[in-house]
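Undergrad: quick one: sequence plus predicted model below, questions after.
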Amino acid sequence: MKKINNYLSFRYRNFGREILLILLLTFTLTSCKKDDDGGCQGVDCLPPATQTGEGTFGCLVNGEPFVDNSGFFNCFYQLVDGEYYFGIGSDNELLPITQIIILSWMKEIEVDTEIQLGSRNNGNFFSEVSFDCFCPNAVTTDEIDGNITFTEFNTDSNIVSAIFEFTITDPTTGAIYEITEGRFDAQFTQ
């Protein structure tokens, strides 16, 4: 019986310490404010518009930064059945938008030429935006202005860089999103 009392006495003494430790950790974790953006605002939060394959993607979504510096996004430019297909997609947790993709079907890249982002059809460049719901993606249209200008495209080094902007409408809610100051600098697969 004495062993049981000693054990219970030890457990209750440590129980108070465990509660204190849990409370201290909870207070510490909830009171710290992590400043991920370094105090930047708007366009200052975006990666520079480089042309060296840095692995960056960024734009403003209604003035809020959408940035992916991971370099892990999918980027390709491939010749399939005699036609070129391009794609780059970037993920972020800027809700409600979670992904921005720029694609082309059967269209070659032209450097230093403003290319219209249109509807999802063969021969067009277009963009799709995914939302944080099980709902349809928003896609650029021929009726609403949007463009992309490739500033670097090198098939020897597999580097592609561009600037872009477009407007997109959420097909579920009707909300309008202005994508501005867009830029990416990536290495692509062929």
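TA: Cool, the structure landed. Remember, it's a predicted structure, so these values are computed and weren't measured experimentally.

Undergrad: where's the closest residue to residue 43 other than its chain neighbours, which helix or strand?
TA: Of all residues not flanking residue 43 in the chain, residue 181 sits nearest, at 5.1 Å (Cβ to Cβ, 6 or more residues apart in numbering). For glycine as for every other residue, the C-beta is placed from the backbone atoms N, C-alpha and C. Residue 181 is part of strand 176-187 when elements are defined by DSSP states H and E.

Undergrad: what segments of the protein are strands?
TA: Secondary structure of the chain (DSSP state E): strands at 56-61, 64-68, 75-80, 83-91, 97-105, 114-116, 125-131, 138-139, 146-154, 159-169, 176-187.

Undergrad: buried residues in the first one?
TA: Taking 16 or more other Cβ atoms under 10 Å as the basis for neighbour counts, the residues of strand 56-61 that come out buried are 56, 57, 58, 59, 60, 61.

Undergrad: please apply the same query to the second one.
TA: Within strand 64-68, the residues scored as buried using 16+ other Cβ under 10 Å are 65, 66, 67, 68.

Undergrad: coming back round to it: which of the buried residues of strand 56-61 lies closest to residue 43?
TA: Nearest to residue 43 among the buried residues of strand 56-61 is residue 60, at 6.4 Å by Cβ to Cβ.

Undergrad: for that closest one, which residues make a bridge with it?
TA: For residue 60, the beta-bridge partners under DSSP bridges are residue 65, residue 180.

Undergrad: for residue 154, the count of nearby residues, please.
TA: 14 (other Cβ atoms under 10 Å).

Undergrad: against residue 175, how distant is it?
TA: 38 Å (Cβ to Cβ, to the nearest Å).

Undergrad: now residue 81
TA: 38 Å.

Undergrad: what stretches of the protein score poorly on pLDDT?
TA: 1-38, 94 (pLDDT under 70).

Undergrad: repeat that for 80
TA: 1-38, 71-73, 93-95 (pLDDT under 80).
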